[in-house]
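Asks: only geometry, no sequence info:
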């Protein structure tokens, strides 16, 4: 397999002319190789990527710092992108940075996901981006531009849970394996890569979570059932969010990344409510521990459980309450509570 095409011995002027010949940015839709452009001073490599992953520009304008290693930029055609690279967040704004300073660029990322990069470690984002490259090759559908950040967040959160001794059984495990075998196989592959990269073993059930992130990231997206199912989910999501807002006297930012993650969990909660399924595991001791540690959040979750029982006739298990505590606590932390 061809891994790259190399243009060696070219001057900086020749390189610039090459870029201009290709346009202010170039786009390559080739799955199996990247382009390497070398001169005497540096080496720039653009790995094989699909649409949103495979674009480069000579220089970009930094318009906002996201964190020390991530910045929001615009290219010469005025398109917005997130640039990732060590130390990119340092320095006065606005300013220009060259491709040789950038490790990864992400185009067309929804603004709700910009904040995700604030808390995600650089190494996790880069790792998730490499996984995304592989997923683009393996899947027969396109993924939306947010998928690398979805995967990075899931992986980071899963690692944190394991380090804290929290083991949560993934919902719909059997259904996912049967309905999405390719995505599930990719999830298992990702777990092997995570073990090698971060020296930590995630439970096999996390393959389901990774698979669901890919399913949810279909570019065309048909995440929720049509008609009454979709309306019922929206109603449950809004009801539960309002309970959280009233209990903590806050306004939940509905276009935030944390809210998107929380909404995704409630999507699967709603599906189980409709099917009258419950998740049960051996996490009772952990649930009791977290309920004591986050007493306010646990009390809010009890109100949510009462609402779901009264309106939809479904009893939430300790497992579901545990997961709600984790997600709602993250929302509250963002609000400074």
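Replies: Perfect, I can see it now. Just so it is clear, the structure is predicted and the values come from calculations on it, not from any experiment.

Asks: for the nearest residue to residue 62 once chain neighbours are set aside, helix, strand, or coil?
Replies: Leaving aside its sequence neighbours, residue 62 sits nearest to residue 71 (Cβ to Cβ, 6 or more residues apart in numbering; 4.7 Å). Placement of C-beta: from N, CA and C, glycine included. Assigned with DSSP: H, G, I helix; E, B strand; the rest coil, residue 71 falls in the strand class.

Asks: Please, which helix or strand holds residue 96?
Replies: Taking DSSP states H and E as the definition, one finds residue 96 inside strand 95-98.

Asks: and after that strand, which helix or strand comes next?
Replies: Going down the chain from strand 95-98, the next helix or strand is strand 104-107, by DSSP H and E.

Asks: And the next helix or strand past that next one?
Replies: Once the chain leaves strand 104-107, the next helix or strand it forms, by DSSP H and E, is helix 116-119.

Asks: pLDDT (mean, whole number) over that following helix?
Replies: If you average the pLDDT over helix 116-119, you get 78.

Asks: Kindly report the same for stretch 58-68.
Replies: Confidence for stretch 58-68, expressed as mean pLDDT, is 90.

Asks: coming back round to it: ok, the residue nearest to residue 62 - how many residues close by?
Replies: 27 (other Cβ atoms under 10 Å).

Asks: now residue 104
Replies: Applying other Cβ under 10 Å, we find 22 residues neighbouring residue 104.

Asks: Now it. Nearest residue, chain neighbours left out?
Replies: Taking Cβ to Cβ, 6+ apart, and ignoring the residues beside it in sequence, residue 104 has residue 84 as its nearest neighbour in space, at 4.2 Å.

Asks: what comes into contact with the longest helix seen in the chain?
Replies: In the chain, assigned by DSSP state H, the helix with the most residues is helix 228-248. Contacts of helix 228-248 from elsewhere in the structure, counted by Cβ atoms under 8 Å, 6 or more residues apart in numbering, are 224, 250-252, 254, 259, 263, 266-267, 269-270, 273-274, 296, 299-300, 303-304, 307-308, 311-312, 328, 331-332, 335, 337.

Asks: So which of the residues you listed are in strands?
Replies: By the criterion of DSSP state E, membership of the contacts of helix 228-248 in strands covers no residue at all.

Asks: So the protein: which segments form each domain?
Replies: For the chain, the structural domains run 4-119, 122-216, 228-334, going by automatic domain parsing.

Asks: which phi and psi does the nearest residue to residue 122 once chain neighbours are set aside have?
Replies: Closest residue to residue 122 in three dimensions, ignoring its sequence neighbours and counting by Cβ to Cβ, 6+ apart: residue 69, at 4.3 Å. Taking degrees, to the nearest 10, you get phi -120, psi 10 for the backbone angles of residue 69.
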